[in-house]
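1. Quick one: sequence plus predicted model below, questions after.
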Amino acid sequence: MQSPSKLRRHAALVDRMAEAQGVDLEETMFRGQLRMSELEDAVLRCTACSSPDSCEYWLSQQKGPVDSAPSYCRNTEMMQDLRRRAQ
């Protein structure tokens, strides 16, 4: 089982990655375009990432919506799908 602090860190990374790509996770959930279980799966995929420090750095460098996540992001496909749904 993941530690609560690790889960919080990666939940924040997932949220920031979505935001960097112009996706509001809360809004997508309200619209029924994302289930809680899908978001939980995304956080768990993120916890398996070997580059969370690189991700935090990459996110800190973004100034506006980006077209895609870094190549190492384990949630790239989900984020792309959410972007399509949000348009």
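-> Noted; the coordinates are in hand.

2. buried sites along the longest helix seen in the chain?
-> The longest helix of the chain (DSSP state H) is helix 4-20. For helix 4-20, a neighbour-count test (16 or more other CB atoms under 10 Å) marks Leu7, Arg9, His10, Ala11, Leu13, Val14, Asp15, Arg16, Met17, Ala18, Ala20 as buried. In short, each C-beta sits where N, CA and C put it, glycine included.

3. How about stretch 22-35?
-> Within stretch 22-35, the residues scored as buried using 16+ other CB under 10 Å are Val23, Leu25, Thr28, Gln33, Leu34.

4. Not counting sequence-adjacent ones, nearest residue to the last one?
-> Using CB to CB, 6 or more residues apart in numbering and skipping the chain neighbours, the partner closest in space to Leu34 is Thr28 (4.3 Å).

5. correct me, but that neighbour touches Gln87?
-> No - contact between Thr28 and Gln87 fails when scored by CB atoms under 8 Å: they sit 11.6 Å apart.

6. Lovely, talk soon.
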